[in-house]
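1. next input, structure requested:
(one chain, ligands or ions: 1)
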Amino acid sequence: MSVYIDLKQKIKKKKAIITVMGLGYVGLPIALEFCKKGFSVNGLDTNLRRIRKLRKGMSYINDISDSEISGILKTKRFKVTADPKVLNVSDAVIMCVPTPLRKIKEPDISYVVRASKVLSRYLRHGQIVVLESTTYPGTTRDIMLPELRKSGLEMDKDFYLAFSPERIDPGNPKYSFVNIPKVIGGFNKRGTELGRLLYSSVIRKVVGVSNPEVAEVTKLLENTFRIVNIGLINEFAHLCHKLKIDVWEVIKAAKTKPFGFMPFYPGPGIGGHCIPADPVYLSWKARKVGFETRMVDLAAKVNRGVPAHIVERVGDMLKEKKIKFAGAKILLMGVTYKKDVNDLRESPALDIIEALKKKKVKLSYHDPFIPYLDVHGIKARSRKITPALLKKQDLVIVVTDHSDIDYSVIAKNAKVVFDTRDIFEKKKIKSENIVKL
Ligand SMILES: NC(=O)c1ccc[n+]([C@@H]2O[C@H](COP(=O)([O-])OP(=O)(O)OC[C@H]3O[C@@H](n4cnc5c(N)ncnc54)[C@H](O)[C@@H]3O)[C@@H](O)[C@H]2O)c1
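-> Just a heads-up that it's a prediction; the model follows:
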């Protein structure tokens, strides 16, 4: 029986054994979803701390509860391991390893390379492999495939390979892995079809595209679209401040137009694993073919400058109160890169903290998701919000608008609040001491 027919039957009957490589924000929800649908899943990770936690039924991702993990473990269909041998007994391998930036702001695909080398050692006849990590076009073909070929096996005869970008949005209560349509691109119709079939077991809509490069660059287009629009609205907010116009009200009015406009919102800067990294992946690849991504580079530059602008605004607010930066007491509300997640990666709060520390501000913070902070030589515990703590501050800055915070207490007790997220307007809290971005 051909590999194609065999895999098709196994997937349809839910007899295909799946291994997810990398159990992070992306990989863990995928692994659990396949388990829930009746598949046997191996969760393979190199991080032993994460493995220990999962084996104890503990989650390290907000969107996934401990009870969800322990419930899945009870089915005996979810095995968590650091032993790559499980790759050899799998029918489908889904790779979700990190693709961060190197210090010199270039793509770091070393995790994909290392994981592919490991996979190559255990690859066997009859498997489908899908890469999900966000990356530049050509990674699946030029980096992953040559590694897998070192196994001596032949693509399309012995195994299939495809790329499918992950679109998960941690902390989003409306859209999760199962109801976000998925794009998949194999090297030929059969590869795409097998991938489409595999994901259709857990996702409502799966869209096949012609090749891995289309799928790879689809993800970069989506995120670049966001970067450019966020850059535009951040610049627009800066302009509106100079013009003494409320940018939030402008956006609210503009979005009443039923076509041709999509609201994006300003904030303290961009963060997370995707938005700051993806333009670097795109522009790096563009340079390789002698192309300059001017729009993307400019948007990235504008966005990078936002935390400095926030600090400038803080300086103006202190000046108005005749308070110097050095020694000023400032409390940051929220330090994660976006609301309701426990992810600090590339958070603009870190740039703001670094800049304020350089100015010798007496800084403290509150974040229900980050009990302890150890960054830029700063070690601090999240402070409990009390009227007394708030009253002691010269300024409170809302950097991240987590849901589980009593904003009325802040408005009532802080001397001045700098709201970079327009959360007080959203909560319909009006107070003279609130300064909008
Ligand atoms: N976090 C998001 O919101 C998001 C959304 C869409 C796409 N992505 C992309 O998905 C990919 C994964 O992101 P993430 O946020 O899940 O990262 P993460 O750091 O949370 O998880 C990655 C996991 O991979 C493990 N790992 C590394 N090398 C490994 C190997 N050789 N074998 C097995 N496990 C290995 C790490 O230990 C870690 O647990 C990245 O490319 C990212 O850009 C992330």
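2. tally of neighbours for L395?
-> 22 (other Cβ atoms under 10 Å). Where you see a C-beta, it was placed from the backbone N, CA and C, and this is true even at glycine.
3. residues in a beta bridge with it, which ones?
-> For L395, the beta-bridge assignment (DSSP bridges) gives partners I330.
4. how near is it to the ligand?
-> Distance of L395 to the ligand, computed by Cβ to the nearest ligand atom, to the nearest Å: 31 Å.
5. go on, V375?
-> From V375 to the ligand the distance is 17 Å (Cβ to the nearest ligand atom).
6. who are the contact partners of the closest residue to that residue other than its chain neighbours?
-> Residue nearest to V375 in three dimensions, not counting chain neighbours: L350, with 5.5 Å by Cβ to Cβ, 6 or more residues apart in numbering. By Cβ atoms under 8 Å, 6 or more residues apart in numbering, the contact list for L350 reads 335, 344, 375-376.
7. for S408, grab the count of nearby residues.
-> Neighbour tally, S408, other Cβ under 10 Å: 13.
8. that one and the ligand: what is the separation?
-> From S408 to the ligand the distance is 31 Å (Cβ to the nearest ligand atom).
9. coming back round to it: the residue nearest to V375 belongs to a strand, doesn't it?
-> No. Secondary structure of L350 (DSSP: H, G, I helix; E, B strand; the rest coil): helix, not part of a strand.
10. quick check, pLDDT for it.
-> Here, the pLDDT recorded for L350 equals 95.
11. just the buried ones out of the contacts of L350, please.
-> Listed as buried from the contacts of L350 are 335, 344, 375; burial here means 16 or more other Cβ atoms under 10 Å.
12. just to check, the second one is in contact with V335?
-> Yes. Using Cβ atoms under 8 Å, L344 makes contact with V335 at a distance of 6.6 Å.
13. tell me the domain boundaries of this structure?
-> In terms of domains, the chain is parsed into 3-210, 227-436 (source: automatic domain parsing).
14. apart from its neighbours in sequence, what residue is nearest the closest residue to the ligand within the chain?
-> The ligand sits closest to G24 of the chain, with a gap of 1.8 Å, by Cβ to the nearest ligand atom. Of all residues not flanking G24 in the chain, C96 sits nearest, at 6.5 Å (Cβ to Cβ, 6+ apart).
15. which pLDDT value does the model give the one you found?
-> 98.
16. oh, and call the first residue 817 from now on, that's how I've got it
-> All right, first residue 817 from here; so that's C912.
17. how about the contacts made by it?
-> Per Cβ under 8 Å, 6+ apart, neighbours of C912: 836-840, 842-843, 846, 948-949, 982.
18. show only the entries of the contacts of L1166 found in helices.
-> Among these, DSSP state H puts none in helices.
19. figure out how far the helix or strand of the chain with the lowest mean pLDDT is from the centre of its chain.
-> In the chain, no helix or strand scores lower on mean pLDDT, DSSP states H and E than strand 1194-1197, which sits at a mean of 89. Centroid separation for strand 1194-1197 versus its chain: 24 Å, with Cα atoms, centre = their mean, to the nearest Å.
20. what does stretch 921-937 give?
-> On Cα atoms, centre = their mean, the centre of stretch 921-937 falls 19 Å from the chain's centre.
21. wait, does that stretch contact the ligand?
-> Yes. Using Cβ under 6 Å from any ligand atom, stretch 921-937 reaches the ligand at 927, 930-931, 934.
22. give me the buried subset of the residues you listed.
-> Buried among those (16+ other Cβ under 10 Å): 927, 931, 934.
23. now the last one, nearest residue through space, not along the chain?
-> Pointing back at V934 there. P900 is the one closest to V934 (Cβ to Cβ, 6+ apart), at 5.0 Å.
24. wait, doesn't I1169 sit right on G1150?
-> No. Counting by Cβ under 8 Å, I1169 does not reach G1150; the two are 11.8 Å apart.
25. one step back: settle this for me: the residue of the chain closest to the ligand is touching P916, isn't it.
-> No. In this structure G840 lies outside contact range of P916 using Cβ under 8 Å: 11.4 Å.
26. between the two, who's got more neighbours?
-> G840 (19 against 15).
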